[in-house]
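Asker: pasting the structure only:
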């Protein structure tokens, strides 16, 4: 017996092939005789993770990666095709905006019905009604049919009901994004206090800031497979870096690589990472970049070194002639120089060092070479650079 | 939750209509009127001589139980597509959805049945209330059977949409194979034997006996049928539970 609240073991899900009649009939027999479907389009494969009571887990990934399917499987709305899910404790899920609401009925009736679905009996609902209404804060609209509600009001009501249940495991699927700023904050405050009281959370969000704020762990799904699972900062940063690189690659597509005539970057490498291993720095580390530029006419070229975010956004750049430095040559053609960043004040994320060979006049870029690297850290600051700062708190006035 | 679903289901049938619950009274009376006219006046249907009741009474005592039975099955079979949204978003035990729908339909027809019974007794026909418990047990059997078949139909309907077309036709066969608008005695001898094989026929005969004559105890056949109904219900439940985890994939 483990104290795991949720154990997901080799979980896989395939949607049954087609909806043509023969396919359905085949699936019917297979379920009746074997208890599961065969074949079909696989949307989740071999997912393994465990959630302990009191943990908070964010599920992230691109659209169509299988996040919602995973949540549906855990909630029990869908049945797995392979593997197993074990849960110990009550689960309440808010899978979708207004899930389970009937548009014809008033907010109050839907509230009662939904609370009943979540396992509350009538007396419990009556006891908590005031709290739920106060939390949803939609005033007299509660007596209107749901179909007249704005999407924000629907999600307010839905969340208020789920919040009233205080389940052992709360599952939300990107629903908070709909509410307005103040309601989102209310929900986040509620989730924080729920977590403080030992609640367990499993949430899907595209808002990495929210995930980092609310979750300790994260699961990154990519095309139905688990790509990363672990500490929320590591996983979200890797995910964001991957996204930025993806975007940059898309932008670069079609742009032909500059041909290597004229001044050429012969070599550029980051010290300590000569091999092709993944280059990782902690925020605030020292970084040194060595580079060699080949000069066709023997004149000393100018080196331009820059750091860019993985999506291509320039962060910082400087050229050797800005500081009146001349590259030195080993033989007549090959010039070298190094640049040191004593304190790499970059915020966590994916970056690249860009080394450019320029002509001696420093007018034209002839060749570019890039080294990608990642910066890790636990900072929650926003943006790209950690600027030095301090908060100044005025004296309290008596 | 089960009761909530039933009451919501019942209310949903009247929501938005002007007279609302009044339809609960009007519908059965209109229906009875139509049947009485068509079969009693046009076709001049008769009832067995020994019963000494009018055709309308005879009809009413068969028609409503049958309607409750068949409506229960049909509505259960359509309950999964109807609750599609709920099924795909909220982890509700699906059999509750099917059973509450069947129950709502059954209860609705039972209300009609009571209305009609009251009307009949107001018109001077003696309803033997001593047979009430007997009648109630027969109706309960009918209800359990309706739920059991309804569970089968609901689960099958998800995978085999043809059920939607097939089921009403099957039930229509059942309607005419059961002595509802005619008396068993009216059939030629050769068919009468076959009628004995229709358990519903025996059930309705017993029900009429209970309410019109006052038979206080069910026949052995009815008792056996009640047991079979319970078995069908259990099998339906097993079948439904086996199939229901995958409903979402097919709805």
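Answerer: Sure, I can see it. Keep in mind it's a predicted model, so treat the numbers as computed, not measured. Numbering: from 1, shown residues only, chains lettered A, B, ... in the order given.
Asker: low-confidence stretches in the stretch 51-200 of chain B?
Answerer: B:51-52 (pLDDT under 70).
Asker: show me the helices in it, by range?
Answerer: B:55-77, B:79-82, B:84-89, B:94-122, B:132-159, B:163-177, B:189-196, B:199-208 (DSSP state H, counting those that start in this stretch).
Asker: cool, and chain A?
Answerer: Secondary structure of chain A (DSSP state H): helices located at A:21-34, A:67-75, A:107-117, A:122-136, A:151-165, A:181-196, A:208-214, A:232-252.
Asker: and these, which one's lowest on average pLDDT?
Answerer: Sorting these by mean pLDDT places helix A:21-34 lowest, at a mean of 75.
Asker: contacting residues around that helix?
Answerer: A:16-17, A:36-38, B:159-161, B:239, B:242-243, B:246, B:249-250 (C-beta atoms under 8 Å, 6 or more residues apart in numbering or on different chains). Any C-beta I mention is one placed from the backbone N, CA and C, and that applies to glycine too.
Asker: let's see 6 Å
Answerer: A:16-17, A:37-38, B:159, B:243, B:246 (C-beta atoms under 6 Å, 6 or more residues apart in numbering or on different chains).
Asker: what separation do you get for residue A:333 and chain B?
Answerer: According to C-beta to the nearest C-beta, to the nearest Å, residue A:333 stands 67 Å off from chain B.
Asker: ugh, wrong one, residue A:247
Answerer: Using C-beta to the nearest C-beta, residue A:247 is found at 33 Å from chain B.
Asker: may I have the phi/psi pair for whichever residue of the stretch 251-398 of chain A sits closest to chain B?
Answerer: In the stretch 251-398 of chain A, the residue that lies nearest chain B is residue A:380 (33.0 Å; C-beta to the nearest C-beta). Main-chain torsions, residue A:380, degrees, to the nearest 10: phi -100, psi 0.
Asker: now it. Nearest residue, chain neighbours left out?
Answerer: residue A:212 (6.2 Å; C-beta to C-beta, 6 or more residues apart in numbering or on different chains).
Asker: repeat that for residue A:100.
Answerer: In space, residue A:100 comes closest to residue B:90 once its chain neighbours are excluded; the distance is 4.2 Å by C-beta to C-beta, 6+ apart.
Asker: the one you found against residue A:117, yeah?
Answerer: Yes: if you go by C-beta atoms under 6 Å, residue B:90 and residue A:117 touch, sitting 5.1 Å apart.
Asker: spell out which residues are contacts of both of those two.
Answerer: Residues touching both residue B:90 and residue A:117 (C-beta under 6 Å, 6+ apart): residue A:100.
Asker: helix/strand/coil for the residue in the stretch 151-251 of chain B positioned nearest to chain A?
Answerer: Residue nearest to chain A within the stretch 151-251 of chain B: residue B:245 (3.3 Å; C-beta to the nearest C-beta). Judged by DSSP: H, G, I helix; E, B strand; the rest coil, the three-state class of residue B:245 is helix.
Asker: what is the neighbour count of it?
Answerer: Neighbour count of residue B:245, defined by other C-beta atoms under 10 Å in any protein chain shown: 18.
Asker: what residues are up against it?
Answerer: Residue B:245 neighbours (C-beta under 6 Å, 6+ apart): residue A:79.
Asker: show the model's pLDDT score for it.
Answerer: Note on residue B:245: pLDDT of 84.
Asker: please report the distance of it from residue B:139.
Answerer: With distances taken as C-beta to C-beta, to the nearest Å, residue B:245 is found 33 Å from residue B:139.
Asker: how about residue B:83?
Answerer: Counting by C-beta to C-beta - residue B:83 and residue B:139 are separated by 26 Å.
Asker: name the residues of chain B found near chain A, please.
Answerer: B:1, B:4, B:86, B:89-92, B:159, B:243, B:245-246, B:248-249 (C-beta under 6 Å from any C-beta of the partner chain).
Asker: mind running it again at 7 Å?
Answerer: Taking C-beta under 7 Å from any C-beta of the partner chain as the criterion, the neighbours of chain A within chain B are B:1, B:4, B:8, B:15, B:86, B:88-92, B:159-160, B:242-243, B:245-246, B:248-250.
Asker: return the set of buried residues in the worst-scoring helix or strand of chain A on mean pLDDT.
Answerer: The weakest-scoring helix or strand in chain A, judged by mean pLDDT, DSSP states H and E, is helix A:21-34 (a mean of 75). Counting neighbours by 16 or more other C-beta atoms under 10 Å in any protein chain shown, one finds that the buried residues in helix A:21-34 are A:24, A:26-28, A:30-31.
Asker: and stretch A:323-336, by the same measure?
Answerer: A:327, A:329, A:334-335.
Asker: and for stretch A:147-158?
Answerer: In stretch A:147-158, counting by 16+ other C-beta under 10 Å, buried: A:149, A:153-158.
Asker: as TSV, the helices of chain A with distance to residue A:226 would be great.
Answerer: What follows is these, written out as TSV (distance: least, C-beta to C-beta, whole Å):
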stretch	distance to residue A:226
helix A:21-34	26
helix A:67-75	9
helix A:107-117	30
helix A:122-136	34
helix A:151-165	26
helix A:181-196	23
helix A:208-214	16
helix A:232-252	10
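Asker: just so I know, which of those lies nearest residue B:173?
Answerer: Closest approach to residue B:173 among those (C-beta to C-beta): helix A:21-34, 23.7 Å.
Asker: angle of that closest one against helix B:132-159?
Answerer: Counting by axes from the mean of the first three to the mean of the last three C-alpha atoms, to 10 degrees, helix A:21-34 lies at 120 degrees to helix B:132-159.
Asker: please verify my assumption that residue A:344 contacts residue A:281.
Answerer: Yes: between residue A:344 and residue A:281 there is a contact under C-beta atoms under 7 Å: 5.7 Å.
Asker: what's the overlap in contacts for these two?
Answerer: A:287, A:375 (C-beta atoms under 7 Å, 6 or more residues apart in numbering or on different chains).
Asker: of those two, who's got more company?
Answerer: residue A:281 (21 against 18).
Asker: and the residue nearest the centre of chain B, how far is that from residue B:166?
Answerer: Nearest residue to the geometric centre of chain B (C-alpha atoms, centre = their mean): residue B:69, 1.7 Å. Remark: distance between residue B:69 and residue B:166 (C-beta to C-beta) = 17 Å.
Asker: OK, contacts around the residue nearest to residue A:380?
Answerer: Residues in contact with residue A:212 (C-beta under 7 Å, 6+ apart) are A:232-233, A:236, A:380.
Asker: can you name the residues bridging to residue A:14?
Answerer: Beta bridges link residue A:14 to residue A:42 when assigned by DSSP bridges.
Asker: neighbours of it, just the number please.
Answerer: Neighbour count of residue A:14, defined by other C-beta under 10 Å: 20.
Asker: still on that earlier bit, of residue B:83 and residue B:139, who's got more company?
Answerer: residue B:83 (23 against 20).
Asker: quick one: contacts for that one?
Answerer: residue B:97 are the contacts of residue B:83 under C-beta under 7 Å, 6+ apart.
Asker: the one 3 residues further on too?
Answerer: Under the criterion of C-beta under 7 Å, 6+ apart, the neighbours of residue B:86 are A:100, B:92.
Asker: one more time with 10 Å, if that's ok
Answerer: A:77, A:99-102, A:113-114, A:117, B:5, B:80, B:92, B:94, B:97 (C-beta atoms under 10 Å, 6 or more residues apart in numbering or on different chains).
Asker: closest to residue B:154 out of those?
Answerer: Nearest to residue B:154 among these: residue B:80, at 5.4 Å, using C-beta to C-beta.
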